[in-house]
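>>> Sequence first, predicted model second:
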Amino acid sequence: MTVHAAPSSIPHDSLVIGSIVDPGGVPRAKAVPASRLDAFSEAGMGASTSWNVFCADDQLAFTERFSVVGDLRLRLVRAALRPLEAGLFWAPCTVHEQDGAVASTCSRTALAAALQRLESDGFQALVGHEVEFVLLPLEASEPWNAYGLGAALSHSAFMRALLRRADTANLEIEQLHAEYGQGQFELSIAPKPPLEAADDLVLARVVVAMAARDAGLTASFSPLALAGLATSGAHQHLSLVQAGRPLLSGGDGPHGLTNAGGAAIAGILSALPSLGAVLAGSPLSAERLKPGRWSGARLCWGLENREAAVRLVAANGGNPHGAHIEVKPIDATGNPYLSTALLLEAARAGIEEALVAPEPVDVPPEASTAGLPLLHRGADAMLAAFGRSRIVRRALGDDLIEA
């Protein structure tokens, strides 16, 4: 169980940072001295409505609805406050109008609403996130083997700093290892209910960045940090239960799926082509979403198939968390609250409509004779599908779609 910082224990000379993730996937923050913690969590700190339309490069894409006119309030979620180091604390924020109403563009609230709809149908979810990143600058002379012991040992100071900082922040890391590409690492965060899991993902990237700085390095979460390197994703793991019974195991369907579990997978697969603008919408995302990069580039699912868009992880002795799915196409350019909201809404729609999952693909997708479509078919097609999607409209609403 995560233990959060008790506000009464925060020294008054501490700095408290509260952040959101904007619709474009970029974390943005306000900070106050600890003496202003009550004001931050109750009245909130001001932010222009232009925060809704910042691009990833900090250019502003004003719309008729979002311009220089108007003001918002960021309210720190006090119950989620975490220590980062001595005198420094962090928490997520929700976005509000000046009258206190929740803003229609608050991504954290969009996820909370999607979760409420799922739970009102009798289902509960757990989410676990992976964080892939590259440490820069690369040492050209350093030998690197994929998942290599030598790679881990040469960066052990960074890895130990990361674990120390994670412990300080009450962030539960289940696994940390050198990855496939030069300078690349991956960590896995313990699964939690979806809202807390998204908060943990934002926190994990903060902790990784701080630990890298401790080691004199910079951590890049980009889908492609440098030309020629391995690509990095942000795979999301999802499990579903109903009345205490798992949907992804113990059934009569392929690989033990229940009817509802198969329908949830079908719903996600059906929706994925319309979700790319949020899950992986950057130009570098397109470079990652190619066959052979373990990014889920083909629209299919399969048991332990790491090239499928949706990988089923079976319930067995080697998997203490039980059966779940891993959604592969997501990368760090997406807003984690919106990404999770969309996946939950897609799974819910699949169950509601009793969709039937296609046959699982038990070979590398490129070797399949089924003519599996590519998930990414260009930016124009991606945006058009996003605009048409009823899943997107139900999960996000008009204002977030415009933003």
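Nice, I can see it. Residues are numbered from 1 along each chain as shown.

>>> Could you check the pLDDT of residue 197?
pLDDT for residue 197: 99.

>>> nearest spatial neighbour of it, skipping sequence neighbours?
residue 127 (4.0 Å; Cβ to Cβ, 6 or more residues apart in numbering). Using the backbone N, CA and C atoms, a C-beta is placed for each residue, glycine as well.

>>> Same question for residue 254.
That would be residue 360: by Cβ to Cβ, 6+ apart, it lies 5.2 Å from residue 254.

>>> roughly how far apart are the one you found and residue 325?
12 Å (Cβ to Cβ, to the nearest Å).

>>> what is in contact with these two at once?
Taking Cβ atoms under 8 Å, 6 or more residues apart in numbering as the criterion, residue 360 and residue 325 both touch 301, 312.

>>> pretty sure residue 240 belongs to a strand, no?
Yes: under DSSP: H, G, I helix; E, B strand; the rest coil, residue 240 sits within a strand.

>>> Can I get stretch 235-244 in PDB, CA atoms only?
The C-alpha trace of stretch 235-244 is given here as PDB (Å, rounded to 0.1, in the frame of the first residue of the first chain):
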ATOM      1  CA  HIS A 235       3.100  -0.300 -22.800                       C
ATOM      2  CA  GLN A 236       0.000  -0.400 -20.600                       C
ATOM      3  CA  HIS A 237      -1.100  -3.600 -18.800                       C
ATOM      4  CA  LEU A 238      -4.800  -4.000 -18.000                       C
ATOM      5  CA  SER A 239      -6.700  -6.600 -16.100                       C
ATOM      6  CA  LEU A 240     -10.500  -6.700 -15.600                       C
ATOM      7  CA  VAL A 241     -12.700  -8.500 -13.000                       C
ATOM      8  CA  GLN A 242     -16.400  -8.800 -12.400                       C
ATOM      9  CA  ALA A 243     -17.700  -9.700  -9.000                       C
ATOM     10  CA  GLY A 244     -14.300 -10.900  -8.100                       C
END
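
>>> Mark out where each domain of the chain begins and ends.
7-104, 113-402 (automatic domain parsing).

>>> Just say which of those is most tucked in.
domain 113-402 (a mean of 19; mean count of other Cβ atoms under 10 Å).

>>> Quote the end-to-end distance of it.
End-to-end distance for domain 113-402, by Cα to Cα, to the nearest Å: 19 Å.

>>> what is the rounded mean pLDDT of the helix or strand hosting residue 344?
Using DSSP states H and E, residue 344 sits in helix 336-352. Across helix 336-352, pLDDT averages out at 99.

>>> now it: how far from the chain's centre is it?
Offset of helix 336-352 from its chain centre (Cα atoms, centre = their mean, to the nearest Å): 13 Å.

>>> In terms of secondary structure, what does the helix or strand where the residue nearest to residue 197 lies contact?
Applying DSSP H and E as the criterion places residue 127 in strand 123-136. In terms of contacts (3 or more Cβ pairs under 8 Å, 6 or more residues apart in numbering; DSSP states H and E), strand 123-136 is packed against helix 107-120, strand 184-189, helix 194-214, strand 218-220, strand 236-242, helix 336-352.

>>> Of those, give the one that comes closest to residue 69.
helix 107-120 (21.8 Å; Cβ to Cβ).

>>> what does the closest one rub up against?
Residues contacting helix 107-120 (Cβ under 8 Å, 6+ apart): 20-23, 77, 92-95, 102-103, 124-125, 193-195, 198, 335, 337-338, 340-342, 344-345, 347-348, 395-397, 400.

>>> mind redoing it with 7 Å?
When contacts are defined by Cβ atoms under 7 Å, 6 or more residues apart in numbering, helix 107-120 is touched by residues 21, 23, 92, 94, 102, 125, 194-195, 198, 335, 337-338, 340-341, 344-345, 348, 395-396, 400.

>>> Spatially nearest residue to residue 366 (excluding sequence neighbours)?
residue 291 (5.2 Å).

>>> got a list of what that neighbour touches?
By Cβ under 7 Å, 6+ apart, the neighbours of residue 291 are 297, 298, 365, 366.

>>> rewinding a little: beyond the helix holding residue 344, next helix or strand please.
helix 379-388.

>>> who does that next one touch, helix- and strand-wise?
helix 259-279 (3 or more Cβ pairs under 7 Å, 6 or more residues apart in numbering; DSSP states H and E).

>>> Which elements pack onto the helix it packs on?
Short answer (3+ Cβ pairs under 7 Å, 6+ apart): helix 259-279 packs on strand 236-242, strand 298-303, strand 308-313, helix 336-352, helix 379-388, helix 390-402.

>>> quick one: the second one to chain centroid distance?
With Cα atoms, centre = their mean as the basis, strand 298-303 stands 20 Å off its chain's centre.

>>> tell me the mean pLDDT over that strand?
98.

>>> And it, what does it pack against?
helix 259-279, strand 308-313.

>>> Make TSV from these and add distance to residue 110 and mean pLDDT to it.
TSV is the format used below for the helices and strands packed on strand 298-303 (distance: least, Cβ to Cβ, whole Å; pLDDT from 0 to 100):
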stretch	distance to residue 110	mean pLDDT
helix 259-279	11	98
strand 308-313	22	98
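
>>> distance of residue 161 from residue 179?
From residue 161 over to residue 179 (counting by Cβ to Cβ), the distance is 18 Å.

>>> and what of residue 11?
For residue 11, the distance to residue 179 - Cβ to Cβ - is 38 Å.

>>> No further queries at this time; thank you.
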